[in-house]
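> Return a 3D structure for these sequence lines:
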Amino acid sequence: MFDRKTLALYRRLLRYIVPFKALIAVTLVALLVIAAMEPAIAMVLKNLVDESLIAKNPDSFVIMPLLLAGVFIIKGVAEYFSKVFSQWIAQKAILAIRADMYQKMQYLPYSVFQAYGTGKLMSKITYDVPQASNALSTAWVVIIRDSLTIMALVAYLLYISWQLTLLMLVVGPIVAFIIDKTSKLMRHSSKSMQQNMGQLTHQLEEGLTAHQDIKIYGAEGYEQKRFKDTATDLLNNAMQVTKVSALSVPLVQVLAAIALAGVVYIAMQMSAQDLFTPGELLAYITAMALTFEPLRRLTSINEVIQKGMAAAESIFDLLDQPNETNTGSLTLKNLKGELHFHNLQFQYPNSNKLALNHINLTIPAGKTTALVGQSGSGKSTLVNLITRFYDPCSGEILLDNTNILILDRHFLREQIALVSQKVILFEDTIAANIAYGRPDVSTENIIQAAKDAHAWEFIEQQPMGLDTNIGENGNLLSGGQRQRIAIARAFLKNAPILIMDEATSALDNQSEKMIQQAMETLKQNRTVILIAHRLSTIENADNIVVLDHGNLVEQGSHTELLKQQGEYAKLYQKGEDIDG
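Here you go, the predicted structure:
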């Protein structure tokens, strides 16, 4: 049940309940009382038979029933406190684990999010944590209480007849062997269950967020089959754990019953020879019978422990991921926003080709630079390096002639505002979304940012104005309204560098016109990096940089690039939209 690796995991889990030492102490006392009451039952029964039924002692007629009732009352009170306190400790531990995991997720590198996927990360918090919590509530209570109970009962059995008790304990090594084998089988299947649940959550998330695409492409049957296949794998692994657990419990009980039958036979022979009083015989058989239930629970709890340890392994795998490194501490004053790329190279993990190859480029301060190229040309990669979601493999990026690697990461990102085609809003009020991450901003500044983004006119019409809740990812708003809130957020941040991923292609003409006006205002006196898809937004850029398969192939103004009849001219001739 507890190999070296399991013990290490369990010790690490137990750290989450260490702060509650006083409650743990009370719980342990309650468990000790419960364990002591089990042999006490057998002892009362012994005296009940020998003193009341055989010796006809009149005093015992009152005392024995009261003692028997008292034993069960004390045991019941102790069980209540042990259960309530152990669950409270476990729930506090769950809260702490989830808080640690969510905190860790805020500081993980961007690459980890891409490697895990949203669904699998969600599964770790929603599924793995409750599994691990069972090992912090049910498991340790059962292990301590029932181990103490068995020890107390065995001690009493040894007191009555050590010879018979040693005969009964012969089955101990066989039981230990069975538990060890079943533990390994259940741990393997439990790990597979964690993976199945992560995949299931991932598919569920995809199915719920992509429901429009699923319907339009008639892929309902395909998605159902994918979901069913993963759910079936989860079922098979769950049943494997159940079958192993279901086999081990009766197997241990059968062995114990065989030992009990043998001991009872010998005990009855001894009683016939007056080596046992009737009370001692009943007490011995009762004490032996009382070991069955804690023995069964100890065997059954192995399933809970193995599931919990597999979940703990998954949890600590996440918690042990290194945080996003902050190699720098420098901050700059009076930032202009000029960017230089010197011999920049980057290759994604697990990729065999360069995403960016020897990029040498200057993005002037206060100017608009457009990045143009087919999908996979390196535009988004270049932006991800500027924001330090990734760091270059070689070469350097300078901000106002300072390598961004020596800048404080938080400071660097404070200098950048992002308006993306994929607008991210939160299920909160309009005001909270505009002032996201800045709860101290005044209402007047929020309103001014909304006006600058041409968003105030529709905000005023909302039932509660700025305090209107916009639903999950702003689904209660139109596409143009969502985009204008994102632009208002960028206005409020007032950062010297603005990254814009063109976002007007899917909007109606009126919304597009208003957003274009807001963007033109937003671009003033800022260094603007425009990831361009629509040519109408590119033509007025101060500089157009053309990327192709990670290489910078040409740059210049719209007119200059058309005259060169190069890659940009080819893209321009293809039509109004460039594949981004």
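> can you give me how far the lengthiest helix in the chain is from the chain middle?
Scanning the chain for the longest helix, with DSSP state H as the assignment, gives helix 220-272. Here helix 220-272 shows a centroid-to-chain-centroid distance of 30 Å under the convention Cα atoms, centre = their mean, to the nearest Å.
> so the residue nearest to Leu298 when sequence neighbours are not counted is in which element?
Leaving out its chain neighbours, the residue that sits closest to Leu298 by Cβ to Cβ, 6 or more residues apart in numbering is Asp146, at 5.0 Å. For the C-beta atoms, the positions are set from N, CA and C on the backbone; glycine is no exception. Secondary structure from DSSP states H and E places Asp146 in helix 140-160.
> Identify each buried residue in that helix, please.
140-146, 148-150, 152-154, 156-157, 160 (16 or more other Cβ atoms under 10 Å).
> Between helix 220-272 and it, find me the angle.
20 degrees (axes from the mean of the first three to the mean of the last three Cα atoms, to 10 degrees).
> what's the closest non-adjacent residue to Leu164?
Closest to Leu164 by Cβ to Cβ, 6+ apart is Val263, at 5.3 Å.
> how many neighbours does the one you found have?
If you count neighbours by other Cβ atoms under 10 Å, Val263 ends up with 19.
> Also the one 10 residues further on?
Applying other Cβ under 10 Å, we find 8 residues neighbouring Gln273.
> Quick check: Ala310 vs Glu303, distance?
11 Å (Cβ to Cβ, to the nearest Å).
> phi, psi of Glu396?
Note on Glu396: its backbone torsions stand at phi -150, psi 160 [degrees, to the nearest 10].
> wait, what's in contact with it?
Going by Cβ atoms under 8 Å, 6 or more residues apart in numbering, Glu396 touches Phe341, His342, Asn343, Leu344, Asn403, Leu405.
> Report whether the expected contact of the last one with Thr327 is present.
Yes - between Leu405 and Thr327 a contact is recorded at 5.4 Å, counting by Cβ atoms under 8 Å.
> and the two? which has more neighbours close in?
Leu405 (17 against 13).
> Now do the SS call for the more buried one.
Put simply, Leu405 is helix when judged by DSSP: H, G, I helix; E, B strand; the rest coil.
> how far away is it from Gly328?
6 Å.
> ditto for Gln163
Taken as Cβ to Cβ, the span from Gln163 to Gly328 is 75 Å.
> Over to Glu313?
Taking Cβ to Cβ as the measure, Glu313 falls 34 Å from Gly328.
> One more: Val423?
Val423 is 30 Å from Gly328, by Cβ to Cβ.
> what about the two, which has more around it?
Using other Cβ under 10 Å, the more surrounded residue of Val423 and Gly328 is Val423, with 21 against 18.
> distance of that one from Ile34?
58 Å.
> Ile397 now?
65 Å.
> So which of those two has more stuff around it?
Ile34 (25 against 22).
> The more buried one against Ala78, yeah?
Yes - counting by Cβ under 8 Å, Ile34 touches Ala78, with 4.8 Å between them.
> For Ala310 and Glu303, list the residues in contact with both.
Shared contacts of Ala310 and Glu303 (Cβ under 8 Å, 6+ apart): none.
> So between the two, which is more surrounded?
For Ala310 versus Glu303, the count of surrounding residues by other Cβ under 10 Å is larger for Ala310: 26 against 23.
> From Ser300, how far off is that one?
Distance from Ala310 to Ser300, by Cβ to Cβ: 17 Å.
> and the closest residue in space to His454 that isn't next to it in sequence, what element?
In this structure, His454 finds its nearest non-sequential neighbour in Met514, 4.4 Å apart by Cβ to Cβ, 6+ apart. Element membership for Met514, per DSSP H and E: helix 509-523.
> Would you mind extracting the C-alpha trace of that helix into CSV?
C-alpha atoms of helix 509-523 as CSV (Å, rounded to 0.1, in the frame of the first residue of the first chain):
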residue,chain,number,x,y,z
ASN,A,509,-19.5,48.4,-41.9
GLN,A,510,-20.8,50.7,-39.2
SER,A,511,-19.0,48.9,-36.4
GLU,A,512,-15.8,48.7,-38.5
LYS,A,513,-15.9,52.4,-39.2
MET,A,514,-16.3,53.3,-35.5
ILE,A,515,-13.5,50.9,-34.5
GLN,A,516,-11.2,52.3,-37.2
GLN,A,517,-11.8,55.8,-35.9
ALA,A,518,-11.0,54.6,-32.4
MET,A,519,-7.9,52.8,-33.5
GLU,A,520,-6.6,55.9,-35.4
THR,A,521,-7.0,57.9,-32.2
LEU,A,522,-5.3,55.2,-30.1
LYS,A,523,-2.3,55.0,-32.5
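> Which strands and helices lie in contact with that helix?
Under the contact criterion of 3 or more Cβ pairs under 8 Å, 6 or more residues apart in numbering; DSSP states H and E, helix 509-523 touches helix 443-452, helix 479-493, strand 497-501.
> Out of those, flag the one nearest Gln103.
Distance to Gln103, taken as Cβ to Cβ, is lowest for helix 479-493 among those, at 23.8 Å.
> what's the offset of the closest one from the middle of its chain?
Using Cα atoms, centre = their mean, the offset of helix 479-493 from its chain centre is 30 Å.
> Same check on stretch 9-23?
The mean C-alpha position of stretch 9-23 is separated from the chain mean by 20 Å, Cα atoms, centre = their mean.
> Name the residues that touch it?
2, 24, 85, 88-90, 92-93, 96-97, 132, 135-136, 140, 305, 308-309, 312-313, 316.
> Now, these that are in strands?
Judged by DSSP state E, those include no members of strands.
> Select only the buried ones of the residues you listed in PyMOL?
The buried residues among the contacts of stretch 9-23 can be selected in PyMOL (16+ other Cβ under 10 Å) with this line:
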select buried, resi 24+85+89+90+92+93+97+132+135+136+140+305+308+309+312+313+316
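> Take the contacts of stretch 9-23 and keep only those in helices.
24, 85, 88-90, 92-93, 96-97, 132, 140, 305, 308-309, 312-313, 316.
> Apart from its neighbours in sequence, what residue is nearest Ser161?
Using Cβ to Cβ, 6+ apart, the closest residue to Ser161 is Tyr284 (6.7 Å).
> again, but for Ala231
Nearest one to Ala231, counting by Cβ to Cβ, 6+ apart, is Leu200 at 6.2 Å.
> Spit out the contact partners of that neighbour.
Gly119, Ser123, Phe227, Thr230, Ala231, Leu234.
> how does the protein divide up, domain by domain?
4-319, 366-376+409-574 (automatic domain parsing).
> Comparing those domains by mean pLDDT, which bottoms out?
With a mean of 78, domain 4-319 has the lowest mean pLDDT of the domains of the chain.
> Next, the distance between the ends of that domain.
One end of domain 4-319 sits 20 Å from the other (Cα to Cα, to the nearest Å).
> Done for today, thanks.
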